[in-house]
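In: Build the 3D model from these lines:
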Amino acid sequence: MSIKIKKEIHIEAMRLAGRITGNTLSLLEKELKPGMTTRELDKIAEEYIRSQGAVPSFKGLYGYPASICASVNNEIIHGIPGERVLGEGDIISIDTGAYINGFHGDAARTFAVGDISAETQRLIDVTRESFFRGIKYAKKGNHLSEISAAVQDYVEQNGFSVVRDYVGHGIGREMHEDPNVPNYRTGRLGPVLINGMTLALEPMVNAGGYKVKKLSDGWTVVTADSSLSAHYENTLLITDGEPELLTLGDAD
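Out: From the prediction side, this is the model:
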């Protein structure tokens, strides 16, 4: 494992990439409404990212064809934008990133399309809160596994499950760097957290069981039992004190 520690000049670049990423998600939340296609959302995201002097991190990454991942209802991650029309009561998980000055930002949110049920809103809320429960342990001197355990405990206490097949990751000059950042206990302590580590923590939470399957497009991952899924992610920096969240955007 080779964890890349960031210097202040790198962190400044990541702050900019992160702010663009967070602002992209805020813009998409504002524009989102029933009757839109996921391709329209992708176009809005790409135009905004490029207007800021950045490029979409995801477009072309490992051959991925779009600027956002748009995962609807039982889709967990990597849903490809297209002609799917979003309807009242759907939920959509949007994951995106911006690359500028040699560094990436990466973040995800799950949004309601119009009105959704109280239980579906609870899934979104628990997913978001599990992230914040996790980062209470994102402090210098702690082990990475303490973050993972806190996420899993909160999710399962609320009757949901955390995805095991996909995890968070280090991030910097590359979108995916060491270390992996699981959302569940692995039985290992993992690395000690030190200043200058930058991580993308991203709980993926299912209303049913944690098992998943990949669709024939080679990208889209869905819940094996067709239950709903939600996603929440930010890029964060380990500091001397509380972690700094780099992808909240100006409106957060």
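In: List the buried residues for the longest helix seen in the chain?
Out: Longest helix of the chain, by residue count under DSSP state H: helix 8-31. Buried residues in helix 8-31, defined by neighbour count with 16 or more other Cβ atoms under 10 Å: 10-11, 13-28. Any C-beta I mention is one placed from the backbone N, CA and C, and that applies to glycine too.
In: Report the distance from it to the chain centre.
Out: 13 Å (Cα atoms, centre = their mean, to the nearest Å).
In: what about stretch 207-224, start to end distance?
Out: Terminal residues of stretch 207-224 lie 11 Å apart, using Cα to Cα, to the nearest Å.
In: oh, I was asking about stretch 200-218
Out: Stretch 200-218 end-to-end distance (Cα to Cα) = 23 Å.
In: Quick one: mean pLDDT for that stretch?
Out: Across stretch 200-218, the average pLDDT comes to 98.
In: just stretch 231-246 next, same as before
Out: 97.
In: Repeat that for stretch 150-166.
Out: 98.
In: Equivalent analysis for stretch 66-74, please.
Out: 98.
In: now stretch 79-86
Out: 98.
In: all numbers from here: first residue = 233
Out: Taking 233 as the first residue, the last one we looked at is stretch 311-318.
In: Which residues in that stretch does the neighbour count mark as buried?
Out: Neighbour-count burial for stretch 311-318 [16+ other Cβ under 10 Å]: 311-313, 316, 318.
In: what's the most distant pair in those?
Out: 312 and 318 (14.5 Å; Cβ to Cβ).
In: all strands of the stretch 283-432 of the chain, in order?
Out: Along the stretch 283-432 of the chain, the segments classed as strands by DSSP state E, counting those that start in this stretch run 287-288, 300-304, 307-309, 323-332, 335-344, 393-394, 400-402, 409-413, 430-433.
In: now for those, which one comes closest to residue 271?
Out: strand 300-304 (8.4 Å).
In: what packs against that closest one?
Out: Counting contacts by 3 or more Cβ pairs under 8 Å, 6 or more residues apart in numbering; DSSP states H and E, strand 300-304 packs against helix 270-283, strand 323-332.
In: most packed of those?
Out: The highest mean neighbour count among those, using mean count of other Cβ atoms under 10 Å, belongs to strand 323-332: a mean of 26.
In: Now do it: distance to the chain's middle.
Out: Using Cα atoms, centre = their mean, the offset of strand 323-332 from its chain centre is 7 Å.
In: what angle sits between that strand and helix 240-263?
Out: Angle of strand 323-332 versus helix 240-263, following axes from the mean of the first three to the mean of the last three Cα atoms, to 10 degrees, is 150 degrees.
In: Let me see the mean pLDDT of strand 323-332.
Out: Per-region confidence: strand 323-332 scores 98 on mean pLDDT.
In: OK, contacts around residue 360?
Out: residue 464 (Cβ atoms under 8 Å, 6 or more residues apart in numbering).
In: just residue 435 next, same as before
Out: So residue 435 contacts 359, 362-363, 366, 383, 387, 394, 415, 463-465 (Cβ under 8 Å, 6+ apart).
In: let's see 10 Å
Out: The neighbours of residue 435, taking Cβ atoms under 10 Å, 6 or more residues apart in numbering as the test, are 340, 358-366, 380, 383-384, 386-387, 392, 394-395, 399-400, 413, 415-416, 462-465.
In: just residue 346 next, same as before
Out: By Cβ under 10 Å, 6+ apart, the neighbours of residue 346 are 264-267, 318-322.
In: right, and out of these, which lies closest to residue 469?
Out: Closest to residue 469, out of all of the contacts of residue 346 and judged by Cβ to Cβ, is residue 264, at 28.6 Å.
In: residues near the nearest residue to the closest one once chain neighbours are set aside, how many?
Out: Nearest non-adjacent residue to residue 264, counting by Cβ to Cβ, 6 or more residues apart in numbering: residue 343, 5.6 Å away. For residue 343, the count of nearby residues is 18 (other Cβ atoms under 10 Å).
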